[in-house]
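Chemist: got a structure for you, letters missing:
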């Protein structure tokens, strides 16, 4: 509901604006899971289940890999386009 008038006002395609907004949610979910897991570990202290820390670390690695892949996916086509064949 917000993107449509903004896209019309800026004369930008609706799909480009909405896609960029939704793609940010993908690593964001993992980042929120990391924060929730860290808070849970801090609250439980020594009573935290031993599987909780590896799960939080796994979410962290997943978020970082997604961000790196997104960065490479945005940069690689620009670099390939600049190569003079």
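Modeler: Looks like it arrived, so ask away. Here the structure is a predicted model, which means the values were calculated and not measured.

Chemist: Next, name the residue at the spatial heart of this protein.
Modeler: What sits nearest the mean C-alpha location of the chain, by Cα atoms, centre = their mean, is residue 27, with 2.2 Å.

Chemist: which ones are touching that one?
Modeler: 63, 66, 67, 70 (Cβ atoms under 8 Å, 6 or more residues apart in numbering). (Each C-beta comes from the backbone N, C-alpha and C, glycine too.)

Chemist: roughly how far apart are the second one and residue 30?
Modeler: When distance is defined by Cβ to Cβ, to the nearest Å, residue 66 is 7 Å away from residue 30.

Chemist: And the helices in this protein, which stretches?
Modeler: Taking DSSP state H as the criterion, the chain carries its helices at 3-10, 14-23, 25-44, 52-82.

Chemist: now the angle between helix 52-82 and the helix-or-strand element of the chain with minimal mean pLDDT, please.
Modeler: The helix or strand with the lowest mean pLDDT-type score in the chain, counting by mean pLDDT, DSSP states H and E, is helix 14-23 (a mean of 76). Compare the direction of helix 14-23 with that of helix 52-82 by axes from the mean of the first three to the mean of the last three Cα atoms, to 10 degrees and you get 150 degrees.

Chemist: Thank you kindly, that will do.
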